[in-house]
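Enquirer: Attaching a predicted model along with its sequence, questions to come.
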Amino acid sequence: MKEFKGIWIPYEVLVDKNLNDKEKIIYSMILYLSKENDCTMSNTYISKLLNICNVQASRIINSLKKKEYIKIEIVYKQNSKEIALRKIIPINKYVNTSKRMSNEPINKNVKDIINKDKIYNKNYRSKNDRDYSNFDWTSLYANNF
């Protein structure tokens, strides 16, 4: 299994009202782990990572399957009904997990935006322009008599 270093929840998953918080976390983990290889997380791995019981981890996986966010493929041991491997495959119809295509930095025009704000906001003052010398700081106390 790919080493898990952290989690990034895609915006589409974060605002999805069909998923509860634990489902969002687990689904994001599945998306991350399945980018290069098959995701083969066990219920025990999920339960230890999120501090939940195996039964709850199983219910969350089954819920994601019922809601059609993932599909499950079970690989059995040869000549046996014993499960060798469970593959969890995300159905990416709801989530755009592709890498960013633009080579330009996100904050390329930040200076222009700040300058426009100064023009439109006539009351613009920087932090260094503030004068607190005449402010009564004791008025902030709740028990000021």
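Expert: Cool, got the structure. Numbering: from 1, shown residues only.

Enquirer: Contact partners for Ile89?
Expert: Listed by C-beta atoms under 8 Å, 6 or more residues apart in numbering, the contact partners of Ile89 are Ser34, Asp38, Cys39, Ile70, Lys71, Ile72, Glu73. Using the backbone N, CA and C atoms, a C-beta is placed for each residue, glycine as well.

Enquirer: Against Ile91, how distant is the second one?
Expert: For Asp38, the distance to Ile91 under the criterion C-beta to C-beta, to the nearest Å works out to 14 Å.

Enquirer: just the strands in the chain please.
Expert: Assigned strands in the chain, in chain order: 70-76, 83-90 (criterion: DSSP state E).

Enquirer: and the last one, which residues are buried?
Expert: This means strand 83-90. Along strand 83-90, the positions that meet the burial threshold by neighbour count (16 or more other C-beta atoms under 10 Å) are Arg86, Lys87, Ile88, Pro90.

Enquirer: What residues are bridge-paired with the second one?
Expert: This means Lys87. Beta-bridge partners for Lys87, by DSSP bridges, are Glu73.

Enquirer: From Ile74, how far off is it?
Expert: Using C-beta to C-beta, we find Lys87 at a distance of 8 Å from Ile74.

Enquirer: Tell me how many other residues crowd Leu64.
Expert: If you count neighbours by other C-beta atoms under 10 Å, Leu64 ends up with 22.

Enquirer: Double-check it against Tyr27; I have them as touching.
Expert: Yes. Under the contact definition of C-beta atoms under 8 Å, Leu64 touches Tyr27, with a separation of 5.9 Å.
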